[in-house]
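Asker: one predicted model, sequence on top.
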Amino acid sequence: MKALLLKDWYMALRYCKAYLLIIAVFVGISASAGITFFYGFYACLMAGMVPVTLMSLDERGKWTVYSLTLPYTRARLVSAKYVFGGLGQLAVLLLLGITQGVKMYLDGSFTPVGLLSFMSVLLFVSCLVSSVNLPFVFRYGVEKGRIWYYVILVLSFGVSGALGGIFTVVGVGAGFGAFGVLTPVFAVAGPGVYALSWLLSVKLYEKREM
Amino acid sequence: MNALEIKDLTKSFGEFKLDGLSLTLPGGCVMGLIGENGAGKTTVIKLILEILHRDGGSVRVLGSDGVSDVKEDVGVVLDEVGIPDGLNVRQVGKIMALTFKNWDAAGYDRMVKRFELPEKKPFKDFSKGMRMKLGFAVALSHGARLLLLDEATGGLDPVARDEVLELLRDFVCDDRHSVLISSHIVSDLEKVCDYIAFLHRGRLTLCEEKDRLLEEYCVVHAPAGELKKIGGLIHKKITPYGAEALARRESVPSGVNVSPVSIEELFVLMAKGEN
């Protein structure tokens, strides 16, 4: 696993710098703009795209074939991408949590429940997008999986736009505060769905032929 | 111990069918897998490595059922190598050190120096020859006992090919080491192989010791009319200047003009005969 994570880290450093810049820009906008959820979600989505981009590079360079000749199991190859993507999304989520917390504090809308709700909804939605997307990519490859990815993207933008609209009207703190009751559900469901997707991807990748 | 034991290996996809392939690679030997493009050479190697799932048959690698348990002992160089484009030689070394329990960092460094590979240049900027050499450096730096090479000399210039063949000769100096190498550059295989396996349209048409093949087969040269009187010919080639045919030496009557056959001629004439 360490070897695969190191390999992905080197590849991300070389090829995914643009994502870092975009994430930084969206976190910044999220901290200053009115419609915060959309930009926050977009930053998480970018982080979730990193493993897909890495898989695309793997496929193009034939690493997907070569890696199967090395002492890695298919389960480990899948897991490395889930761990790498998960850690990336978690880092962005924490960054967003800090910036949103500061913003809420400054505009007087800060409540612990509001912030936790914001983070749990973001966690859930970003986990959901990756969870739906990755099994297709592992089963059909990035090229075919990409079509599915765009469908998910459009749907998720619709949902995030709607949520953003609601929170603009009622205020971020109040908006997420309304989700307060569901915070634990979102917080558990996101990683839960991600874990199920992980297992499914392992099963699908076991069957895939290169 | 046999390095490879393949029995009744079958695999179908689309119109292609690998049809009940059986072969054995004894330990300490080099076997060349020869075949035209699309004959199934890469499929066989991918099935051995479980990159493809077989429809039937069995594969034993270094005495183990399947390759999974012995991947540490198997070095692989594929046609397109497969090392990620963005990595340089140093980074590949670090990744492989975490990948293989028996990684020989000093051996890898020696190999990198021997091949004069640039340490900081990304893999994507390597020439085809340099890519292959890095593939070999990795495959030979973790104490592999079996090398599986798929078209590993294809696309290399003659000097680079000679270097690779030299490496293989060094590798099999240790009689615990074995090599299965697929190629359609038959002259390369003729130089290093102990065994030759001919694959034609998914069928193994011949698998024999190279020296025995060279003893058993010959090329018959005779006027076209006389060739018809000789039985057991495998493939005839008739030109305005005469005719020649591949034949088993034992079936050629004495007095007929014959010449030794090279593995390349044998392969070409056999493939044409099968067609």
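Answerer: Happy to help now that I have it. Numbers count the residues shown, from 1 in each chain, chains lettered A, B, ... in the order given.
Asker: apart from its chain neighbours, what residue comes closest to B:Glu72?
Answerer: Nearest residue to B:Glu72 in three dimensions, chain neighbours excluded: A:Pro71, at 5.3 Å (Cβ to Cβ, 6 or more residues apart in numbering or on different chains). For every residue, glycine as well, the C-beta is placed using N, CA and C.
Asker: what's the burial count for B:Ile230?
Answerer: The number of residues packed near B:Ile230 is 16, by other Cβ atoms under 10 Å in any protein chain shown.
Asker: please, which helix or strand holds it?
Answerer: Following DSSP states H and E, one finds B:Ile230 outside all helices and strands.
Asker: list the buried ones in the helix ranked longest in chain B?
Answerer: Identified as the longest helix of chain B according to DSSP state H is helix B:158-171. Residues of helix B:158-171 classed as buried: B:Ala160, B:Arg161, B:Glu163, B:Val164, B:Leu165, B:Leu167, B:Leu168, B:Phe171 (neighbour count, 16 or more other Cβ atoms under 10 Å in any protein chain shown).
Asker: what's the burial count for the nearest residue to the fourth one once chain neighbours are set aside?
Answerer: On the basis of Cβ to Cβ, 6+ apart, the spatially nearest residue to B:Val164 that is not a chain neighbour turns out to be B:Thr153, at 5.6 Å. B:Thr153 has 26 neighbouring residues, counting by other Cβ under 10 Å.
Asker: ramachandran coordinates for B:Thr153?
Answerer: Phi and psi for B:Thr153, reported as degrees, to the nearest 10, are phi -110, psi 0.
Asker: ok, it - contacts?
Answerer: B:Thr153 is in contact with B:Met132, B:Arg161, B:Val164, B:Leu165, B:Ile181, B:Ser183, B:Ile185, B:Asp188, counting by Cβ atoms under 8 Å, 6 or more residues apart in numbering or on different chains.
Asker: what's the closest of the residues you listed to chain A?
Answerer: Comparing the contacts of B:Thr153 against chain A with Cβ to the nearest Cβ picks out B:Met132 as the nearest, at 12.8 Å.
Asker: pretty sure the closest one belongs to a helix, no?
Answerer: Yes. B:Met132 sits within a helix when classified using DSSP: H, G, I helix; E, B strand; the rest coil.
Asker: and it, what does it touch?
Answerer: B:Val77, B:Val81, B:Ala152, B:Thr153, B:Gly155, B:Leu156, B:Ala160, B:Val164.
Asker: now pLDDT too, for the residues you listed, in JSON lines please.
Answerer: Below are the contacts of B:Met132 laid out as JSON lines (pLDDT from 0 to 100):
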{"residue": "B:Val77", "pLDDT": "95"}
{"residue": "B:Val81", "pLDDT": "93"}
{"residue": "B:Ala152", "pLDDT": "86"}
{"residue": "B:Thr153", "pLDDT": "84"}
{"residue": "B:Gly155", "pLDDT": "71"}
{"residue": "B:Leu156", "pLDDT": "80"}
{"residue": "B:Ala160", "pLDDT": "82"}
{"residue": "B:Val164", "pLDDT": "86"}
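Asker: about what we covered before: what helices or strands is the longest helix of chain B leaning on?
Answerer: Here helix B:158-171 touches helix B:128-139, strand B:178-183, helix B:186-192, going by 3 or more Cβ pairs under 8 Å, 6 or more residues apart in numbering or on different chains; DSSP states H and E.
Asker: give me the phi and psi for A:Met119.
Answerer: Main-chain torsions, A:Met119, degrees, to the nearest 10: phi -70, psi -40.
Asker: quick one: contacts for residue 161?
Answerer: Going with chain A. With Cβ under 8 Å, 6+ apart, A:Gly161 has these contacts: A:Phe38.
Asker: switch to chain B, that's the one I care about
Answerer: B:Thr153, B:Ile185, B:Asp188.
Asker: which of the residues you listed lies closest to B:Lys272?
Answerer: Distance to B:Lys272 across those (Cβ to Cβ) is lowest for B:Ile185, with 18.2 Å.
Asker: burial of the closest one, as a residue count?
Answerer: Neighbours of B:Ile185 (other Cβ under 10 Å): 16.
Asker: do the same with the one 4 residues further on
Answerer: A count of nearby residues for B:Leu189, using other Cβ under 10 Å, gives 26.
Asker: quick one: the residue of the stretch 1-150 of chain B found nearest chain A from A:Tyr66, how far?
Answerer: Proximity of the stretch 1-150 of chain B to chain A (Cβ to the nearest Cβ) peaks at B:Gly82, 2.4 Å away. Computed as Cβ to Cβ, to the nearest Å, the B:Gly82 to A:Tyr66 distance reads 2 Å.
Asker: check B:Lys121 too.
Answerer: Taking Cβ to Cβ, one finds B:Lys121 at 19 Å from A:Tyr66.
Asker: those two: who's more crowded?
Answerer: A:Tyr66 (22 against 12).
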